Each structure stands twice: as C-alpha cells, then as structure tokens.
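turn this into a structure:
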Amino acid sequence: MTATLITNIGELTTNVAHGDDPCGTLTDAAVLIEGSRIAWVGPSTSSPVVERAQRDETTHVIDAAGRAVIPGFVDSHSHLVFGGERSAEFAARMAGEPYAAGGIRTTVAATRAATDDELRRRLAGLVAELHAQGTTTVEIKTGYGLTVHDEARLARLAAEVTPEVTYLGAHVVPVEYADARDDYVEIVCGPMLAACAPHAKWVDVFCETGAFTADESRRILEAGITRGLVPRVHGNQLGEGPGVQLAVALGAASVDHCTFLTDADVAALAASDTVATLLPGVEFSTRHPYPDARRLIDAGVTVAIACDCNPGSNFSSSMPLMVALAVREMRMTVPEAVWAATAGGARALRRDDIGVLAVGKRADLVVLDAPSRTYLAYRPGVPQIDSVYKDGVQVA
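Below is the predicted model of the structure:
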C-alpha cells in the first residue's frame, strides 16, 4: 500500500469540531495517507508517527513548508453535462435584461444536438477544471435533455465521472409539451425515470414559478423515491414559494438556492435534516439578491455552499470564488464558509467519508499556496491551489 506523509502544515482544517471551532483547526500539523484513506492526523514535530514515516523509504514525504491544508471542496450542485453556451444571454443580463428560467431551453436544444463524444469531452474538461481549483467531489445533474433518450444519456455520461448523479428531468417543461404539461410530468414520472434511475442516486425538481408547481413537484419526487432515489429540490430562487416546505416534508437531502425565505421556511429547515445549499455564483451572475446565510446559520440551519456551474445562470466552477462571495456578500465568517464548502457539501450529499480530514476518511485534501484558509477570501481571484489529492492520489 502506498503511503504519503504531508508534514510541516502551517494550518490544518480537519472539520473535526473542537470546542468552539467547527473547523477543528490544528497548527504545525501533519497528515499520513495510506492508500485512499487518512491513516493519521497530528503534530508535525515530536511525533513518533511522523518520525517513523520519515525513516520509511517507501513513504513519500511532502514538506508543506507552512502552507495551509483543507479538505477537498465538495460541490453538491452542478449541471456539467451540456452542449453549447449562453454568453449572449449573460451579456444581455449585464445590460439590464432580467433573468428567467426560460434560457434553459436554449441549452436543451444544443445538448440534444451534441454527440456523446462531444458531451464527454466538455465534461472531462470541466472536471479537470474543478480539480485544479480544489474540488474533489462533485454532484452532476441531468436536465438538459428532457427526452427519455437524452436524459438517460446525460445520466450515463455523468455516472462515468461521479457517483453523485441527480436525475433532473423536471428542470423545465420542454417547448414541445408547452400545451401538454400533464403529459410531460407523466413521462418524467414514468419512462424517463425508469431510464435514468439505474445511473442516478438522487431525484431533483425545479419547484419554481416558470418551472414546476408544488403538486407537480411532489408527484415527481415521490415517483423518484419509489424507485429508490433520494430527493433534492431547487427552490425559493426567484421568490418565496413552496420549495423549502416540500423539501422538508419529503425528507430531502437539500434544498438549493434558498434566496427568498419566510420565517416559517427558516424554522422548518432548522427543525429538519435538510441542508440549505446556497449558490452565490448565481446571484453574482444574475444580479439577484444574495441569500442571507447569517440568518440561516444563526437559526441553526445546516448550510452548504456550491457552484451551480451551468451555461446559463452561473458558468463558474470555482469553489474558492464561492467562498469569497459567501464571506463578502452573505455575511459568513471564513471558517463558516470553508466548512460549508467542504463538510456542508458532504452533509448535502449525505456523505460522512468526505469533507473531513480524520482517520479512516477519504484522503481528499487541498494544499493551499497560502498560510491560512483566510486567503481564499482575502485574495479573491488569485490562484491559491498548490496541489490537490483525491483518494490519496494527486490530481492537480
């Protein structure tokens, strides 16, 4: 079994809570990796484990030289399998045109026209882009095919690069069913679900004005649950609506966006295991109001941060940028934002083997080219990733 020792870590974020520090911060630390798992975490100096590993010629020793180390980012919301691009739509928004969900149909047309190889090449490039920015786990949704054949191939292609695949046939109603919504919902709950379920772990629905109603959303999610998929919800992005309450009622792993919330929504989330996943890149790219993370955290809601990388409302895959936006625009502290982008994302995916650096957990970690995680917000837009390890293997 291969072993790697990373020593002389200036600041180590373990996410193993200690006292008032949810990030479980250690200084002058070391991490021993054996195979794909963390074998030991502790002090870098005066440690028998470190001394023994340094004497072992088969152990690869890396001197972090005082750099900070954090768990790999867990991006729990993305739409990475698509064709075409929508830069003209972005330019129009920046010129003052309002954002609406209808632009999704543009990507649907381009995706249907793309070959599997074209989609696979785009996906591989985006996954490499994520790795280079410190993301080691990514969830990927379907939703740009909206036919049985196309949704199934998007799910299959996504499953080639991640186990976290979400069936999102209920993204919007495609144009060919504009006057036959019930027929489309029937397909989503029936043959489309049957074709996608073998490749997916999750079922999602865009419960929003311009997309799907509460009743339609419930029907779709319950159909997915019957097929063994776990629900997620796009909700409360464009205004107050039923998304949060539906997610909580169905025991969804997360409800994503959460931009417009009532007091009852916040209370329901705080009393549940449903994670509020915030997507600050969307607000950055649409000029919408940012979610109030401070309100959620102070109420006891578990918060995650994700990119929502997609060609329309946010074409950024940078989790460091999301951390900086969360701190600057959503009133989160740096430790809260880093936790939300790592352990929070893991909670949104109901995973306890990632997002934390502890014995037995997956060796997914990022060595920052900085002495502290604070630099992620302190120096936004500046490349600060020294190296990235996924399952103990360096991927960037």
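
any idea which helix or strand comes after the top helix by length along the chain?
Identified as the longest helix of the chain according to DSSP state H is helix 116-132. Going down the chain from helix 116-132, the next helix or strand is strand 135-138, by DSSP states H and E.

neighbours around the nearest residue to V175 once chain neighbours are set aside, how many?
Spatially, and ignoring its direct neighbours in sequence, V175 is nearest to R105 (5.9 Å; C-beta to C-beta, 6 or more residues apart in numbering). Bear in mind the C-beta positions are built from the backbone N, C-alpha and C, glycine included. Counted with other C-beta atoms under 10 Å, residues neighbouring R105 total 16.

G243 now?
29.

so what pLDDT did it get?
At G243, the model reports a pLDDT of 97.

and it, what does it touch?
Contact analysis of G243 by C-beta atoms under 8 Å, 6 or more residues apart in numbering lists 207-208, 217, 233-236, 255, 257.

okay, among the residues you listed, which ones form the most distant pair?
Pairwise distances across those (C-beta to C-beta) peak at 13.8 Å, for the pair S217 and H257.

how near is G251 to V275?
Distance of G251 to V275, computed by C-beta to C-beta, to the nearest Å: 12 Å.

looking at these two, which is more packed in?
V275 (28 against 13).

distance check, the more buried one against E118.
34 Å.

what of D56?
47 Å.

what helices and strands are in contact with whichever helix or strand S285 is part of?
Using DSSP H and E, S285 sits within helix 280-286. Counting contacts by 3 or more C-beta pairs under 8 Å, 6 or more residues apart in numbering; DSSP states H and E, helix 280-286 is packed against helix 87-94, helix 319-329.

which among those is found nearest to E164?
Comparing the helices and strands packed on helix 280-286 by C-beta to C-beta, helix 319-329 comes nearest, at 14.9 Å.

model confidence at the closest residue to A159 other than its chain neighbours, what's the number?
In this structure, A159 finds its nearest non-sequential neighbour in H199, 4.4 Å apart by C-beta to C-beta, 6+ apart. As predicted, H199 sits at a pLDDT of 98.

residue contacts, D353?
346, 361-362.

next helix or strand past the helix holding S285?
Assigned by DSSP H and E, the successor of helix 280-286 is helix 293-298.

quick one: mean pLDDT for that next one?
Helix 293-298 comes out at a mean pLDDT of 98.

against N8, how distant is the residue lying farthest from the centre of the chain?
Centroid-distance maximum for the chain: R55 at 39.2 Å, with C-alpha atoms, centre = their mean. Separation of R55 from N8 (C-beta to C-beta): 17 Å.

with S387 instead?
In terms of C-beta to C-beta, S387 sits 14 Å off from N8.

can you count the residues close to D182?
9.

which stretches of the stretch 151-300 of the chain form helices?
With DSSP state H, counting those that start in this stretch applied, the stretch 151-300 of the chain shows helices at 181-189, 191-196, 214-226, 243-249, 263-270, 280-286, 293-298, listed in chain order.

so which of those helices is nearest Y144?
When the helices of the stretch 151-300 of the chain are compared (using C-beta to C-beta), the closest one is helix 191-196, at 12.9 Å.

show me where pLDDT drops low in this protein?
For the chain, residues meeting the criterion pLDDT under 70 lie at 99-102.

go again using 90 as the cut-off
Across the chain, the ranges flagged by pLDDT under 90 are 1-2, 20, 45-57, 88-90, 92-93, 96-106, 209-210.

adding distance to T45, write the helices of the stretch 151-300 of the chain out as a markdown table.
Below are the helices of the stretch 151-300 of the chain laid out as a markdown table (distance: least, C-beta to C-beta, whole Å):
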| stretch | distance to T45 |
| --- | --- |
| helix 181-189 | 58 |
| helix 191-196 | 52 |
| helix 214-226 | 52 |
| helix 243-249 | 47 |
| helix 263-270 | 42 |
| helix 280-286 | 39 |
| helix 293-298 | 35 |
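
between the ones you listed, which one is closest to M330.
Once those are compared by C-beta to C-beta, helix 293-298 is nearest, at 3.9 Å.

for the closest one, name the packing helices and strands.
Against helix 293-298 (3+ C-beta pairs under 8 Å, 6+ apart) you get helix 263-270, strand 275-278, strand 303-305.

residues in contact with it?
258, 261, 266, 269, 276, 278, 303, 326, 330-332, 336, 340.

any of the residues you listed buried? List them.
With neighbours counted using 16 or more other C-beta atoms under 10 Å, these contain these buried positions: 258, 261, 266, 269, 276, 278, 303, 326, 330-332, 336, 340.

could I get those as JSON lines with distance to V50?
JSON lines is the format used below for the buried ones among the contacts of helix 293-298 (distance: C-beta to C-beta, whole Å):
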{"residue": "C258", "distance to V50": "43"}
{"residue": "L261", "distance to V50": "47"}
{"residue": "V266", "distance to V50": "45"}
{"residue": "L269", "distance to V50": "42"}
{"residue": "A276", "distance to V50": "39"}
{"residue": "L278", "distance to V50": "38"}
{"residue": "V303", "distance to V50": "35"}
{"residue": "A326", "distance to V50": "34"}
{"residue": "M330", "distance to V50": "38"}
{"residue": "R331", "distance to V50": "39"}
{"residue": "M332", "distance to V50": "34"}
{"residue": "E336", "distance to V50": "31"}
{"residue": "A340", "distance to V50": "31"}
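
closest to H131 out of these?
A340 (20.1 Å).

check contacts around the closest one.
278, 293, 303-305, 326, 332.

mind redoing it with 6 Å?
Taking C-beta atoms under 6 Å, 6 or more residues apart in numbering, we find A340 in contact with 303-305.

okay, and the beta partners of the nearest residue to it once chain neighbours are set aside?
Distances taken as C-beta to C-beta, 6+ apart put I305 closest to A340, at 4.3 Å, once the chain neighbours are dropped. I305 forms beta bridges with L278, as assigned by DSSP bridges.
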